[in-house]
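**Q** Below are the sequence and a predicted model; questions follow.
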Amino acid sequence: MIALDRADFVFFRNSLDKCRKGLFQKNYLKICSESETVSINWRKSDHKSFSPILFNNPERALINKSLLYYNDILAEIQLPTAAAVLLGLPGGESYFRHEIADNFPLLADALLQQDKQAFTDYSRRVAGMGRGLTPTGDDLLHGAIIASYYFADNISFIESTRKDFHTASLKTNIFGKHMIEIGLRGLTPEVCRKFLISIALGKPDRGIFKDISVIGSSSGFDVIIAMIYFLKNCLYNRNKQIP
């Protein structure tokens with residue numbers, strides 16, 4: 001996959017439309033028209049993958065070890081988000097704590113059970129909820145969806161719900177909408193990807209936690225909490241510890 005910003009894409013497309021010849025080699029692409037040349041060289045770049053990894057049969061003891069480690073770190077911090085209520089921790093405004101506690105657990109259950117109507121309904125309630133450049137509800141949605149991509153093997157269900165998220169996204173701002181939309185495509189910041197991989201491998205890392213927690217004023221914490229909640233209370237049965 002090659003990612004281009006809008007200006008580069010327009011230039012690339014216009015040149016491609018007029019191309020006369022080109023050259024394609026390993027990690028190198030060159031397209032020429034009579035007056036312009038476009039080349040992309042990624043020979044020296046590091047390998048990057050943004051695709052979710054499906055941990056279909058993870059070792060639960062390793063996951064439990066990681067979740068407990070990250071939960072303990074969260075308990076040491078004065079959390080700046082009402083999402084803390086999902087882990088029984090203090091933080092955030094009481095109104096949003098109640099709204100999150102009433103709606104997010106049902107959203108997460110619907111996601112796991114692949115209940116399209118319930119998932120869409122509760123997503124509409126959660127989207128745009130809370131404070132921040134990307135509202136807390138949108139960060140929670142993103143975290144739960146990404147955790148589902150990596151651990152719950154329900155990609156086809158998530159993809160089938162995309163068209164129903166237009167109304168959910170309208171309740172929030174452009175940044176929140178972006179978080180929801182990339183989550184529905186299985187995409188997430190690299191550090192979030194590393195966070196989930198560390199959980200699956202039973203190798204929790206304070207450095208990874210720190211890197212994700214500094215995303216926005218509270219977005220990183222929201223994503224962390226959503227992922228931990230989904231794995232601990234939904235994927236492995238609500239209110240039941242992973243054996």
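**A** Received the coordinates, thanks.
**Q** only C-alpha atoms for contact and neighbour calcs from this point on.
**A** Will do.
**Q** For the longest helix along the chain, give me every contacting residue.
**A** In the chain, ranked by residue count with DSSP state H as the criterion, the top helix is helix 94-113. By CA atoms under 8 Å, 6 or more residues apart in numbering, the residues outside helix 94-113 that reach it are 82-86, 116, 118-119, 122-123, 125-126, 129-130, 137, 140, 144-145, 148, 152, 154, 230, 234-235.
**Q** do the same with stretch 201-219
**A** Outside stretch 201-219, the residues within contact range by CA under 8 Å, 6+ apart are 61-66, 69-70, 80-81, 132-136, 139, 191-192, 194-195, 198, 220-221, 224.
**Q** Let me see the mean pLDDT of the longest helix of the chain.
**A** For helix 94-113, mean pLDDT rounds to 95.
**Q** by how many degrees do the helix or strand following it and helix 94-113 diverge?
**A** Per DSSP states H and E, the first helix or strand lying C-terminal to helix 94-113 is helix 116-126. Angle between the axes of helix 116-126 and helix 94-113 is 160 degrees (criterion: axes from the mean of the first three to the mean of the last three CA atoms, to 10 degrees).
**Q** got the CA positions of helix 116-126 in PDB?
**A** The C-alpha coordinates for helix 116-126 follow below in PDB (Å, rounded to 0.1, in the frame of the first residue of the first chain):
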ATOM      1  CA  LYS A 116     -26.100  -5.000  14.000                       C
ATOM      2  CA  GLN A 117     -29.200  -3.100  15.100                       C
ATOM      3  CA  ALA A 118     -28.100  -2.800  18.700                       C
ATOM      4  CA  PHE A 119     -24.500  -1.900  17.700                       C
ATOM      5  CA  THR A 120     -25.700   0.800  15.400                       C
ATOM      6  CA  ASP A 121     -28.200   2.200  18.000                       C
ATOM      7  CA  TYR A 122     -25.700   2.400  20.800                       C
ATOM      8  CA  SER A 123     -23.000   3.700  18.600                       C
ATOM      9  CA  ARG A 124     -25.300   6.600  17.700                       C
ATOM     10  CA  ARG A 125     -25.600   7.300  21.500                       C
ATOM     11  CA  VAL A 126     -21.900   7.100  22.200                       C
END
